[in-house]
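Enquirer: Could you look at this predicted model? Sequence included:
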Protein chains: 2
Amino acid sequence: MDRRTTILDSAERRARAGGYYGFSFRDIAEDVGIKSASVHYHFPTKEALVEALGERYLERAKEALGDPLQYPGPLGLQRVADLFLAASEKDDLMCLCGVFGAEMASLPATIGPKIAEYFDFLIGWLEVALGDESRRACTIVAALEGGMILGRTKRDPSILRAVTEQLNADLIAGA
Amino acid sequence: MDRRTTILDSAERRARAGGYYGFSFRDIAEDVGIKSASVHYHFPTKEALVEALGERYLERAKEALGDPLQYPGPLGLQRVADLFLAASEKDDLMCLCGVFGAEMASLPATIGPKIAEYFDFLIGWLEVALGDESRRACTIVAALEGGMILGRTKRDPSILRAVTEQLNADLIAGA
DNA sequence: ACGAATCTATCTATAGATAGCTAACCAACG
DNA sequence: CGTTGGTTAGCTATCTATAGATAGATTCGT
């Protein structure tokens, strides 16, 4: 695996665990096994690094989700939820954009739009999968983001799954 | 108003806007009109300051919400939602515990339990108000936390209100 | 005079960032 | 073939800014 990717992997893991200030170039350098100056070679600034992080994050979500029309109704919800469940249950990681969204006021200004883009995509995807007739998509994404926060705070990874089931029962099946 | 309170006010505002690393002792000192060393006089460490922040935050929530038995069903939801709506719509602030929950891995270890305590209270309160029969309380709190993130990210304060209405329609009325 | 609150001045640690050198590789050229 | 030169990737060393924190002097109300 090439360096750039390894660096992004380390940064993503640390950012999703502890936020923008939860990692430093030196942390990443240590993870990767190089010096912090070499991280700057690949990403001149932290802002640039985090932008790349956001872009890759969105790209991967697009690839993972595929065509929303192929996953109507509950299948669509499950597919989005799975995106969150794996990271949350396995490594207790937040959604990258969830963390950054929470910290937004202290982040470089260029990050905000990248996060918004991610949420726009996610909500848009869900709206198509659910048939587009209401604001349910927004509520679902919100509940999943919040569910991750609750899960890690209460140290109970099952919360996110319970929330997903609740959404499925009352927002999808019940409507 | 006494200094201690003024300091906590400044810290709370900044923390809810930008997270734990989104403010410094010097920032607070500037807000309050004293020197950073004087902030240390009132709160020896940042950890102590943030702990006090969390305790006050929980205390205020308890006072604001009152007795859950007096606000059954939709009234209970509305009451909790109002707790979030004001700050979100007026100043684009996150829930204190939401931000800290997202950043948890990079925070002093003593903060985690304080946040958990807040969520436990909030969810417990809602369970009583809603009649306790299901996991809806957890989903509601999650959706509200996530709704705040979405609102600030997409720069649309109306999102949180829309999410609340959705919850009311599909989780309270529809059940 | 005493203590609470604030100050000045400063410390140490760490952050992000930069300059400039080096080693490895590969292609082109004489 | 061997040399030259560009590119890539990393290094050492260091800078500047800022963080949290502390010591000790000062101010001021009672």
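Expert: Structure's in. What do you need?

Enquirer: Figure out the helix or strand that residue A:72 lives in.
Expert: Residue A:72 belongs to no helix or strand when elements are defined using DSSP states H and E.

Enquirer: next one: the one 5 residues further on
Expert: Using DSSP H and E, residue A:77 sits in helix A:74-91.

Enquirer: and that helix, anywhere near chain B?
Expert: No: on the criterion C-beta under 8 Å from any C-beta of the partner chain, helix A:74-91 is out of touch with chain B, staying 10.3 Å away. All C-beta spots, glycine's among them, are computed from the backbone N, C-alpha and C.

Enquirer: In space, not sequence, find me the middle residue of chain A.
Expert: residue A:95 (3.0 Å; C-alpha atoms, centre = their mean).

Enquirer: how about that one, what does it touch?
Expert: By C-beta atoms under 8 Å, 6 or more residues apart in numbering or on different chains, residue A:95 lies in contact with A:16, A:84, A:87, A:144, A:145, A:148.

Enquirer: residue contacts, the third one?
Expert: The contact partners of residue A:87, taken as C-beta under 8 Å, 6+ apart, are A:16, A:93, A:94, A:95.

Enquirer: How about the second one?
Expert: For residue A:84, the set of contacting residues under the criterion of C-beta under 8 Å, 6+ apart consists of A:95, A:144, A:145, A:147, A:148, A:160.

Enquirer: Please apply the same query to the last one.
Expert: Residue A:148 makes contacts with A:84, A:88, A:94, A:95, A:98, A:160, as judged by C-beta under 8 Å, 6+ apart.

Enquirer: Can you name the two of those that sit furthest apart?
Expert: Maximum pairwise distance in the contacts of residue A:148, criterion C-beta to C-beta, is 11.8 Å, between A:98 and A:160.

Enquirer: Point out the other helices and strands that the next helix or strand after the helix holding residue A:77 packs with.
Expert: Sequence order places helix A:96-103 as the next helix or strand after helix A:74-91, per DSSP H and E. Contact partners of helix A:96-103 among helices and strands, from 3 or more C-beta pairs under 8 Å, 6 or more residues apart in numbering or on different chains; DSSP states H and E: helix A:3-18, helix A:46-65, helix A:111-130, helix A:136-153, helix B:96-103, helix B:136-153.

Enquirer: The residue lying closest to residue A:49 once chain neighbours are set aside and residue B:78: what is the separation?
Expert: Among residues not flanking residue A:49 along the chain, residue A:43 sits closest, at 3.8 Å (C-beta to C-beta, 6 or more residues apart in numbering or on different chains). As judged by C-beta to C-beta, to the nearest Å, residue A:43 and residue B:78 stand 46 Å apart.

Enquirer: Of the two, give the one with the bigger neighbour count.
Expert: Between residue A:43 and residue B:78, residue A:43 has the larger neighbour count (other C-beta atoms under 10 Å in any protein chain shown), namely 20 against 16.

Enquirer: how about the more buried one, phi and psi?
Expert: Reported as degrees, to the nearest 10, the phi and psi values for residue A:43 are phi -130, psi 100.

Enquirer: The closest residue to DNA strand C within chain A - how many residues pack around it?
Expert: DNA strand C sits closest to residue A:24 of chain A, with a gap of 2.8 Å, by C-beta to the nearest atom of the strand. Residues near residue A:24, counting by other C-beta under 10 Å, number 13.

Enquirer: ok, now residue A:133?
Expert: Using other C-beta under 10 Å: residue A:133 sits among 8 other residues.

Enquirer: again with the one 5 residues further on
Expert: Residue A:138: 26 surrounding residues under other C-beta under 10 Å.

Enquirer: Excluding chain neighbours, what is closest to residue A:64?
Expert: residue A:83 is the one closest to residue A:64 (C-beta to C-beta, 6+ apart), at 6.0 Å.

Enquirer: no wait, residue A:127
Expert: Going by C-beta to C-beta, 6+ apart, residue A:127 has residue A:137 as its nearest residue, at 4.5 Å.

Enquirer: in terms of contact, does the one you found touch residue A:120 like I think?
Expert: No: in this structure, residue A:137 is not within contact of residue A:120 by C-beta atoms under 8 Å, at 10.7 Å.

Enquirer: Look at these two and report which has more neighbours.
Expert: Shown here are residue A:137 and residue A:120; by other C-beta under 10 Å, residue A:137 has more neighbours (23 against 14).

Enquirer: Any residues of chain A in contact with DNA strand C? List them.
Expert: Proximity of chain A to DNA strand C, by C-beta under 7 Å from any atom of the strand, involves residues A:21, A:23-27, A:36-37, A:40, A:44-47.

Enquirer: just to revisit the earlier point, look up the pLDDT of the residue nearest to residue A:127 for me, please.
Expert: Per-residue confidence (pLDDT) for residue A:137: 97.

Enquirer: check contacts around the residue nearest to residue A:64.
Expert: With contact set as C-beta under 8 Å, 6+ apart, residue A:83 has these partners: A:61, A:64, A:65.

Enquirer: what do you get if the cut-off is 10 Å, keeping everything else the same?
Expert: Counting by C-beta atoms under 10 Å, 6 or more residues apart in numbering or on different chains, residue A:83 touches A:60, A:61, A:64, A:65, A:95, A:122, A:144.

Enquirer: Could you tell me how far it is located from DNA strand D?
Expert: From residue A:83 over to DNA strand D the distance is 30 Å, taken as C-beta to the nearest atom of the strand, to the nearest Å.
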